[in-house]
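Chemist: just to be clear, the model below is a prediction. Sequence and coordinates:
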Amino acid sequence: MKHEIGFTLNGVQRRATVDARMSALEMLRDVIGLTGTKYGCGEGECGACTIIVDGASVNSCLLFALDCDGREVTTVEGLAGDARAQALHKAFVARGAVQCGFCTPGMMIQATHLLATHPHPDADAAKRAIEGNLCRCTGYQKIVEAIVEAGETLQSGDAT
Amino acid sequence: MNETLTRPAAMGSLIGKRIPKMDAPEKASGKTRYVHDIDLPGQLHAAILRSARVHALIKRIDATAARALPGVHCVLTAADVPDQRPIGVAKDHLPLKRDRVRSERDEIAAVAADSEAIALAALKLIEVEYEDLPVVADAEAALAPGAPLVHPPIAGAAAGASVGLAGKADNIAMRFDYSHGDVIQGEAESDVVVEDVFELHYVTHCCLGVSGVIAEFDAKGNLLLYSNTQVPFLHKREFAEILGMDPARIRIIQPPIGGGFGSKLDIYPFEVICVFLARATGRPVKLVYSREEEFLASPTRQPVRLTLRSGCKRDGTLTFRRVHTLHDNGAYTSWGATTPFVMMQTFSSLYRVPACDYHTVAVYSNNPYAGSFRGYGNLQATFAVEAHMDKMAEMLGIDPLEFRLKNAQVAGEVTGQGMVFRSCGFQDCLRTAAERSDFQRKHREYAAQRKAPGALKRGVGIASMLHVGGGAKIYPSDGCGTILKLDDFGHVTLITGASEIGQGSETVLSQLVCEELGLPMSAVTVVNNDTDITPWDVGVHASRTTFIAGNSAIGAARKAKTKILGAAAQKFDCTADLLDLRGGRIVRAATGESLTDLARFLRGLHFSDRAELVMTSFYYEPPSVHQDKSFKGDVSAAYAWASQVVEVEVDTDTGAVRVIRVTAAHDVGRVLNRLGIEGQIEGGIVMGQGYALTEHLMVEGGRIRNPNFRDYKLITAPEIPEMDIAFIESMDGEGPQGAKGVGEAPAICMAAATAGAIYNATGVRITGLPFTPERVYRALHGELPPLRPTPRIPG
């Protein structure tokens, strides 16, 4: 059963025809062709598919595509113009928070969401924010450092 | 040209700096295209029907309904591929199973369809009739007289045919027997002798990116694979053998991969099946696992039962070690079955021990087959060895650090196994890790506080490791090739055989080239993912890439430098040794005076009468040796060392163990990229923490009970310990800029050190993994069932 939905994706209004059973993750990857959002488990356990929907970070594999209708959706591809995400991108690169990179888009989204709600997280807050995002390479330490550093950068106004 | 007076050290050395990974900006933007993200025009999607039974005869397969489903292009069973050949190190594994299934993951049929959904729907239409066979669910049971055979002999097989085609009269997959010195005499001289059984469990890689492959044949019959392999050149050769193709007609492109950790050393049935489907349909075919399939059908770490007997004299001198181990090989044999190569090194050579006997038998069972996994047997071996180091020290009343220092290897040692320790920072690792963690004081005090009131107990444990750090000559060659091209603009293209699997090899190789050529990192592009372009390399394993590919890259860069400075010497009327390359310029070595811009000089060479481009190649083969049949020989050009101290808090009311702090001291030869090496060590520590505390692939009756991240528990961010990492720079003489390999090392000590810390906290030594709350709680209450002794299997 196909349905047409309309929503804002990374700041641009668009429409998509989706199957009723389709997840938002499948829609993003297979219908729209944005592959930055990753499939890691398909059941909300790994966080690789994290996106922001109406200001909340969610696992897109657990969200029906239909439920994107009328909402504002941000994926990793939509972070380019976001000052917080730019600070995070810089810190992720400089701090060595990326190895194989497969969890990184989900981490970037989750961290952007954190900084939007808690602008200056300490290490514990950063760890809690990404506890639903699995990483097998880094041991998380450098991801946490990068998130804290990005918060500090934004606080000091260096990001602009 | 006002920069004429550029200081000689204008750019400074890149060695030891914090160099961001070259691929990090792409990855952090979500722009990197992994195999899952690639779609080829005309591509079909594949799915595999796996066995519904653990051990059974296949009586009938009916794919009629699946073939009739609209959108299905092809359904293959073994009957459709009569010429298929067995894969794997023992050639015991047909990709599509013929008359029987031997494990839950066995492949029975495969579909290529217009979409993944159609392919999955088609699988449900395939009817399979089975006749159950008794399940061999345990390695010891596989050895019992009259045990069902996993690969029973096949009547009429050609003489000398492999196990996959001819079967085998017993369940023994592989044996490894090693010895040096006289263990009988060693035991007779011992004042203390200890013996324990250790049992190491199943864990799996859990790469965040699931397995996947795309196969495509061109009109001339050439095969192109988009593959996650860690060993493209070995893969190419094995694929050719399996498919009966000319290897020259197989090209492997490696997109960036979502984690490797050893899981991509083997060829797996799904890859071969995807090629079969591409051949049958004439279309590109893509096959990507689901996470559940990844848990069910990708490799595991070797589950091991191990009995260790060790002895020492009253003064703490080690006298002997006797080891016999039983490995559950699973139904088929992966490269990972050769982990005893590494395990025996730890038993024979981590500490100085005059006599060592080591025997491993790997047996077939109907369990999932184990593969290679970061550390390659060394986590298991180190777990046992270090438990005995603690135990003997305590029995002798010697401080555990002093006991280790007394027996620790030093530079210049030639071990009983023939390993030569040219650079060896082991004692420095021990002292550094102990000092920075205040190990000795804490160890004494925590032991004294065991009986104090309160449920929370603290403990510290120490463990060390030896691992190959200069490649490993497992194959007759352990080399790597490099091609270097400098263009008219001073830009370098570094074409290396070494694969990037997220560990940062392209960055460190670029760094080494830039160091030689006096260029900034921005001057390099790396090509490392296409067998039609890149020169040969054994692959990413054995922590070898920085060392082997690094020396290869340096060799090519030095040749380029020699060529450039030779030409410059003519132009500037001096000898080449008076010149140098710095900051993108040709300078006088003594003063740093800039003579010309490198790019301009390269253009000059190109457009001059000499009409010359600067392109070089270099092949590095390490001065190590292929071990002899008794496993003796100096298998690596350098050896890496590490000591890690783990501090835990044990909640004796619940059995929960929290790792508070890890102090790691690693002899890495020399730090090349500080950012990258810290990342390797932190990641390895946390992977080792998961092995020790939370991860457990539960296999019961041949079935995996927890094929998902909800029930297979990886360490999450809030659980990571405080990590203090120290580097011991032993400056290895053969290493690139003095460096040695590090990739596997950090994961190896964690379980061993955690076991020691739990004992220090509670007085209870647990010799089986994992240390989950339930198991620890039971152990504290004396309710953990005793481990069964490891059976001895006469040769």
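Modeler: Now that the structure is in, tell me what you want to look at. Numbers count the residues shown, from 1 in each chain, chains lettered A, B, ... in the order given.
Chemist: residue B:761 belongs to a strand?
Modeler: No. Secondary structure of residue B:761, determined by DSSP: H, G, I helix; E, B strand; the rest coil: helix, with no strand assignment.
Chemist: for residue B:652, see how far away it is.
Modeler: Distance, residue B:761 to residue B:652, by C-beta to C-beta, to the nearest Å: 8 Å. For every residue, glycine as well, the C-beta is placed using N, CA and C.
Chemist: and residue B:747, by the same measure?
Modeler: Taking C-beta to C-beta, one finds residue B:747 at 28 Å from residue B:652.
Chemist: ok, now residue B:381?
Modeler: Taking C-beta to C-beta, one finds residue B:381 at 30 Å from residue B:652.
Chemist: hmm, who's touching stretch A:148-160?
Modeler: If you take C-beta atoms under 8 Å, 6 or more residues apart in numbering or on different chains as the criterion, stretch A:148-160 is touched by A:83-84, A:86-88, A:90-91, A:94-95, A:111, A:115, A:118-123, A:126.
Chemist: and those residues, which are buried?
Modeler: Neighbour counting with 16 or more other C-beta atoms under 10 Å in any protein chain shown marks A:84, A:86-88, A:90-91, A:94-95, A:111, A:115, A:121, A:126 as buried within those.
Chemist: so which of the residues you listed belong to helices?
Modeler: Among the buried ones among the contacts of stretch A:148-160, the members found in helices (DSSP state H) are A:84, A:86-88, A:90-91, A:94, A:111, A:115, A:126.
Chemist: residue in chain A nearest to chain B?
Modeler: In chain A, the residue found nearest to chain B is residue A:36; the distance is 2.5 Å by C-beta to the nearest C-beta.
Chemist: pLDDT wise, what is that residue at?
Modeler: Note on residue A:36: pLDDT of 98.
Chemist: which parts of the stretch 551-700 of chain B sit against chain A?
Modeler: B:675-676, B:678-679, B:682-687 (C-beta under 8 Å from any C-beta of the partner chain).
Chemist: give me that answer again for 6 Å
Modeler: Proximity of the stretch 551-700 of chain B to chain A (C-beta under 6 Å from any C-beta of the partner chain) is limited to residues B:675, B:679, B:682-683, B:685-686.
Chemist: who does the lengthiest helix in chain B touch, helix- and strand-wise?
Modeler: Secondary structure assigned by DSSP H gives helix B:545-571 as the longest helix of chain B. Counting contacts by 3 or more C-beta pairs under 6 Å, 6 or more residues apart in numbering or on different chains; DSSP states H and E, helix B:545-571 is packed against strand B:480-486, helix B:505-517, strand B:579-582, strand B:614-620.
Chemist: can you count the residues close to residue A:124?
Modeler: For residue A:124, the neighbour count with other C-beta atoms under 10 Å in any protein chain shown is 12.
Chemist: distance of the residue of chain B found nearest chain A from residue B:43?
Modeler: Among all residues of chain B, residue B:30 sits closest to chain A, at 2.5 Å; criterion: C-beta to the nearest C-beta. Counting by C-beta to C-beta, the gap from residue B:30 to residue B:43 is 22 Å.
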